[in-house]
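Engineer: next come a sequence and a model predicted from it.
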Amino acid sequence: MTGAPVDLACELLVQSLVAWRVAGSVERAGDGALVIAGNAKDIRIDRAPPHLMFRWMVTVDGRQRPAISLVAVLRQVREALDPGYAANRVRIAVAPLVPAS
Amino acid sequence: MGTDVIPVSVLTGFLGSGKTTMLRHLLGQPEFARTAVIINEFGEVGIDHELIAASEDSFIDLQTGCLCCKIRTDLAQTLADLLRRRDEGRCVPFERIVIETSGLADPAPILQTLMTDTTIAGRLVLGGVVTTVDAVNGAATLSREGVSQKQVAVADRIVLTKSDLAGALTEFAEPALLHRLEELNAGAPLLIAEHGRIDPRLVFNAGLYDPRTKSTDVLAWLVEESHGHTHARHDADIKTYAIVLDKPIRAVALTLFLEALAEHCGDDILRLKGIVNILESPDRPAVIHGVQHVFHAPAWLDRWPSDDRSSRIVFITRRVPRRWVEVLLEAISEEVADVPVGG
């Protein structure tokens, strides 16, 4: 899997901190990982190895979890940075995904 | 949408803003001859319904509490009962339903009920939200009452009432009030009612579904918000903006995008509506709309309403940055770009 360019993912994370009104910083490490600092947490986001079904690996204070999409990355990052966050677990069923012919 | 779809219009506005007066006038017009009315009054003794001269068999007064916070189930049940009575010929075959909310009601849960309740799904469609604003006291109310701001923000039409008490528009409508309304919702046309009188055609043909033609009128529904320009309104909390995309969007990207909005913004998405060019369905655009964390399943139009095939999504939000919304959709679209079409 390839997925979104890292720079676009980086901007999404920067903008997400703004949207969530959470203090923190986002930087791109020399190895390409995205590193987030905030709420006394160290978060690192890497591309998942190509043989996995996941796109990303999110490491929060040393604990690594896979994320299948950027939406899943955002969920993990916000849970780590925003103690008051209670994820709305509603699922949007765009069903059918395309109109019945 | 089928020919039996009945539009449900929501008439809202703060206490004393002239909803009942306007509705009483509207119900006297031939265009409203076949209208069922649900009035929600807050308090032990309702009086608004006494002011409405409507057919008894198509009129329901809900006095069990405020629609927005207590009786959503009651509303769905009431609507289902109305439809059953209509089907059984026990009331006039109404072609439209108007719900007058209490002046204290947050309209969002009411809209969500209309969009999601399975007992009424398929028979009813949101016919538009009309919000009355008192020309005399409106500015003060909007600065003081958060719920009145929300009532304006979700409107498809805003009706300025009591202009007769304050003179001609240019004189009575304080610049502060007009400015405030534009900040909150510049996309909704501003209409004037004098002594409650207003052209019914201007007021209640504000929804996605046009009962006259029994078809969808997405361009009228989206109004000017979707024309690509940014309305840089800077109310302290509520902002309106439109996102326009020339490239089609994958269906799965739209799903993930809406999911992320609901998950992270929830109540701060006051209203979202749009027409979307789905890559997998180039000839049949999807119409989406949502209120807070509830999104209606997309309606698929039979064809594009004009030559413009760009996706246009209008957001009315509270403290949701436009740039975040833009980059979220862009990043998700890029991420799923390698997914096979239809996958």
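Structural biologist: That came in fine, so what should we check first?
Engineer: please make it C-alpha for all contacts and neighbour counts, starting now.
Structural biologist: Will do.
Engineer: pLDDT below threshold where in the stretch 201-343 of chain B?
Structural biologist: Filtered on pLDDT under 70, the stretch 201-343 of chain B yields the residue ranges B:206-236, B:341-343.
Engineer: the residue of it found nearest chain A: neighbour count?
Structural biologist: Residue nearest to chain A within the stretch 201-343 of chain B: residue B:335 (3.8 Å; C-alpha to the nearest C-alpha). Counted with other C-alpha atoms under 10 Å in any protein chain shown, the neighbours of residue B:335 add up to 21.
Engineer: the helix ranked longest in chain B: how far from the chain's middle?
Structural biologist: Counting by DSSP state H, the longest helix found in chain B is helix B:72-87. How far helix B:72-87 lies from its chain's middle: 20 Å, per C-alpha atoms, centre = their mean, to the nearest Å.
Engineer: can you name every helix or strand that that helix contacts?
Structural biologist: Helix B:72-87 sits against helix B:107-116, with contacts defined as 3 or more C-alpha pairs under 8 Å, 6 or more residues apart in numbering or on different chains; DSSP states H and E.
Engineer: still on that earlier bit, between helix B:107-116 and the longest helix of chain B, find me the angle.
Structural biologist: Calculated by axes from the mean of the first three to the mean of the last three C-alpha atoms, to 10 degrees, helix B:72-87 forms an angle of 50 degrees with helix B:107-116.
Engineer: paired strands for the helix or strand following helix B:72-87, with orientation please.
Structural biologist: Going down the chain from helix B:72-87, the next helix or strand is strand B:96-100, by DSSP states H and E. Partners of strand B:96-100 in the sheet, by DSSP bridges, are strand B:6-13 (parallel), strand B:35-40 (parallel).
Engineer: list the contacts for residue B:257?
Structural biologist: Applying C-alpha atoms under 8 Å, 6 or more residues apart in numbering or on different chains, we find residue B:257 in contact with B:328-329, B:332.
Engineer: report the separation between the spatially most central residue of chain A and residue A:34.
Structural biologist: For chain A, the residue sitting closest to the mean C-alpha position, by C-alpha atoms, centre = their mean, is residue A:73 at 2.1 Å. Distance of residue A:73 to residue A:34, given as C-alpha to C-alpha, to the nearest Å: 11 Å.
Engineer: same list, the contacts of residue B:257, but only the ones touching chain A.
Structural biologist: For chain A, the contacts drawn from the contacts of residue B:257 by C-alpha under 8 Å from any C-alpha of the partner chain are B:328, B:332.
Engineer: for chain B, which segments count as helices?
Structural biologist: B:19-27, B:48-51, B:72-87, B:107-116, B:138-144, B:146-153, B:169-172, B:175-185, B:200-203, B:218-222, B:251-264, B:322-335.
Engineer: which residues of the stretch 51-200 of chain B score low on pLDDT?
Structural biologist: Along the stretch 51-200 of chain B, the parts satisfying pLDDT under 70 run over B:51-73, B:164-174.
Engineer: so where do the strands sit in chain A?
Structural biologist: Listed in chain order, the strands of chain A (DSSP state E) span A:25-28, A:34-38, A:41-47, A:56-60, A:63-67.
Engineer: between these, which gets nearest to chain B?
Structural biologist: Distance to chain B, taken as C-alpha to the nearest C-alpha, is lowest for strand A:56-60 among those, at 11.1 Å.
Engineer: scan chain A for its longest helix.
Structural biologist: Max-length helix for chain A by DSSP H is helix A:6-20.
Engineer: and the residue positioned nearest the centre of chain B, bridged to which residues?
Structural biologist: In chain B, the residue lying closest to the centroid (C-alpha atoms, centre = their mean) is residue B:129, at 3.6 Å. Beta-bridge pairing for residue B:129 (DSSP bridges): residue B:10.
Engineer: who touches it in this structure?
Structural biologist: Here residue B:129 is in contact with B:9-12, B:154-157, B:206-207 (C-alpha under 8 Å, 6+ apart).
Engineer: and the two most separated of those residues?
Structural biologist: B:12 and B:207 (14.7 Å; C-alpha to C-alpha).
Engineer: more neighbours: which of the two?
Structural biologist: Set residue B:12 next to residue B:207 and count neighbours by other C-alpha under 10 Å: residue B:12 wins out with 30 against 25.
Engineer: buried residues in the longest helix of chain B?
Structural biologist: Neighbour counts over helix B:72-87 (16 or more other C-alpha atoms under 10 Å in any protein chain shown) mark B:72, B:75-76, B:78-80, B:82-83, B:85-86 as buried.
Engineer: please apply the same query to stretch B:90-109.
Structural biologist: With burial defined by 16+ other C-alpha under 10 Å, the residues of stretch B:90-109 counted as buried are B:91-109.
Engineer: swap in stretch B:287-306?
Structural biologist: For stretch B:287-306, the neighbour count (16+ other C-alpha under 10 Å) marks B:287-301, B:304 as buried.
Engineer: cool, stretch A:23-36 as well?
Structural biologist: Judged by neighbour count using 16+ other C-alpha under 10 Å, the buried positions of stretch A:23-36 are A:26-27, A:33-36.
Engineer: and stretch B:30-39, by the same measure?
Structural biologist: Going by neighbour count (16+ other C-alpha under 10 Å), the buried part of stretch B:30-39 is B:32-39.
Engineer: would you mind checking which of these is nearest to residue B:20?
Structural biologist: Set against residue B:20, the nearest of the buried residues of stretch B:30-39 by C-alpha to C-alpha is residue B:39 (9.1 Å).
Engineer: measure the closest one to residue B:102 for me?
Structural biologist: For residue B:39, the distance to residue B:102 equals 8 Å [C-alpha to C-alpha].
Engineer: go ahead and confirm residue A:25 touches residue A:38.
Structural biologist: Yes: contact criterion C-alpha atoms under 8 Å: residue A:25 and residue A:38 qualify, at 6.7 Å.
Engineer: pLDDT weak spots in chain A?
Structural biologist: In chain A, residues with pLDDT under 70: A:1-4, A:87-101.
Engineer: let's see it at 80
Structural biologist: By pLDDT under 80, the weakly predicted segments of chain A are A:1-6, A:86-101.
Engineer: residue B:76 and chain A, how far apart?
Structural biologist: Look at residue B:76 and chain A: by C-alpha to the nearest C-alpha, to the nearest Å, they are 21 Å apart.
Engineer: flag every residue of chain B that's near chain A.
Structural biologist: Taking C-alpha under 8 Å from any C-alpha as the criterion, chain B approaches chain A at residues B:251-252, B:255-256, B:258-260, B:262-264, B:266, B:278, B:280-281, B:284, B:293, B:295, B:297-298, B:300, B:319-321, B:323-324, B:327-328, B:331-338.
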